[in-house]
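Participant: Coordinates for the following, if possible.
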Amino acid sequence: MAGTALVVGSSGIAGGAVAAELVRQGWQVLGLARRPAPQDGVSPVAADLHDPAATAAALAGARPDAVFFTTWSRQANEAENIRVNAAMVRAVLDAVRPAGSVRHVALVTGLKHYLGPFETYGQGSLPETPFREAQGRLDIDNFYYAQEDEVFAAAARDGFTWSVHRPHTIIGKAVGNAMNMGATLAAYATLCRETGRPFRFPGSEAQWNGLTDMTSASQLARHLVWAATTPGAANQAFNVVNGDVFRWKWMWGRIAEWFGLAPAEFDGEILPLEVQMRDDRATWRAIAEREGLVEPDLDRLASPWHTDADLGRPIEVVTDMGKSRRLGFTAYQPTDDAFFALFEQMRAERLIP
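Facilitator: Down below sits the predicted model:
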């Protein structure tokens, strides 16, 4: 089913990738963001999802066949996350309802479905890994659940199908994104090379030695479009990862090698990137000026707090994709290749030297 798609959050890591994949597959694409970034084949729609009336006005006349919801808004606590992010989903679905054109809505959430929200992340009684979709919700408030409930209610009312997609940490490019491990590690490696500091793993022993997986933005995009166009995938929640597993003690060396660094020995102590990179803004600005980089503001490129949350987890995290495989989704992406492709893109676009 190629038709008209509305990508909500098109300037983000996931949204930009799914918009590009939809264009590649012949869809007409509307890219909605507060400040849409130029993208080949995508018609920009500027809207603030915190304002339902403005969202409805921006989408007046739009007749999307499918809606891909790939954005969220971080708030001070989980109660506010629930209120604000549920309202954002509701604003979009209310805005497109009058056209009566929507056949499918895809919602991107993530593994916090199993691990809990940031306030209680990785704490309490968690399901065993590998995480499987049959494992239900935690008995705790979570804005992902509130977003899902908005989609489920609208689907029951308006008659469209839905899919929920739960990626692990996403590897992809988006400047100004609040959660971007790939760009954060690229900036960190660049700073280590510049200053002579050791390229030291910042996280926990459990992450260093345990198995894990990740999700490239391109893999997630393929999965989203697959679910929207595969009848058997309708009204299902899916995990989505690259398909390989690795240990950070191996991946850290692969990343170090790409940047011409030697990885530091890991001593088992957590040393967060928020601490290691706390005073690096002026150094990054100097590098950007000397090398002609397009983004001199380190805070728009790196999100150390988010990378620390992932790499500091006290448990092994791996994800089962058997449900998608059984339904025919067989795409695979080696995670080290996904990192290298991102670094090469960032270098080509003058984001890193």
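
Participant: Can you name the next helix or strand after the helix ranked longest in the chain?
Facilitator: In the chain, assigned by DSSP state H, the helix with the most residues is helix 78-96. Per DSSP states H and E, the first helix or strand lying C-terminal to helix 78-96 is strand 104-108.

Participant: Could I get the buried residue list for that next one?
Facilitator: Counting neighbours by 16 or more other Cβ atoms under 10 Å, one finds that the buried residues in strand 104-108 are 104-108. Yep, even glycine has a C-beta here, placed from its N, CA and C like the rest.

Participant: list the helices and strands it packs on?
Facilitator: Identification of packing neighbours for strand 104-108 by 3 or more Cβ pairs under 8 Å, 6 or more residues apart in numbering; DSSP states H and E yields strand 66-69, helix 143-158, strand 161-167, helix 217-229.

Participant: Quick one: mean pLDDT over the third one.
Facilitator: Okay, so that is strand 161-167. Average pLDDT, strand 161-167: 98.

Participant: Using CSV, write out the CA atom coordinates for it.
Facilitator: Output in CSV follows, covering the C-alpha atoms of strand 161-167 (Å, rounded to 0.1, in the frame of the first residue of the first chain):
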residue,chain,number,x,y,z
THR,A,161,-5.4,-0.6,12.2
TRP,A,162,-2.3,0.0,14.4
SER,A,163,1.2,-1.2,15.2
VAL,A,164,3.5,-0.4,18.1
HIS,A,165,7.3,-0.6,17.6
ARG,A,166,9.7,-1.0,20.5
PRO,A,167,13.3,-0.4,19.4
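
Participant: so what strands line up beside that strand?
Facilitator: Here strand 161-167 is paired, per DSSP bridges, with strand 104-108 (parallel), strand 236-240 (parallel).

Participant: strands paired with the helix or strand just after that strand, and their directions?
Facilitator: Toward the C-terminus, strand 161-167 is succeeded by strand 170-171 as the next helix or strand (DSSP H and E). When pairing is defined by DSSP bridges, strand 170-171 lines up against strand 215-216 (parallel).

Participant: sorry, back to before: can you add mean pLDDT and distance to A57 and give the strands paired with strand 161-167 back as JSON lines?
Facilitator: Listed next are those as JSON lines, based on pLDDT from 0 to 100; distance: least, Cβ to Cβ, whole Å:
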{"stretch": "strand 104-108", "mean pLDDT": "98", "distance to A57": "21"}
{"stretch": "strand 236-240", "mean pLDDT": "98", "distance to A57": "32"}
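
Participant: between those, which gets nearest to A134?
Facilitator: Between A134 and the strands paired with strand 161-167, the shortest gap by Cβ to Cβ is with strand 236-240, which sits at 9.5 Å.

Participant: got the contact list for the longest helix of the chain?
Facilitator: Contact partners of helix 78-96, identified using Cβ atoms under 8 Å, 6 or more residues apart in numbering, comprise 6, 8, 32, 49-52, 55-56, 58-60, 62, 64, 67, 69, 71-75, 102, 105, 107, 117-119, 141-143, 146-147, 149-151, 154, 158.
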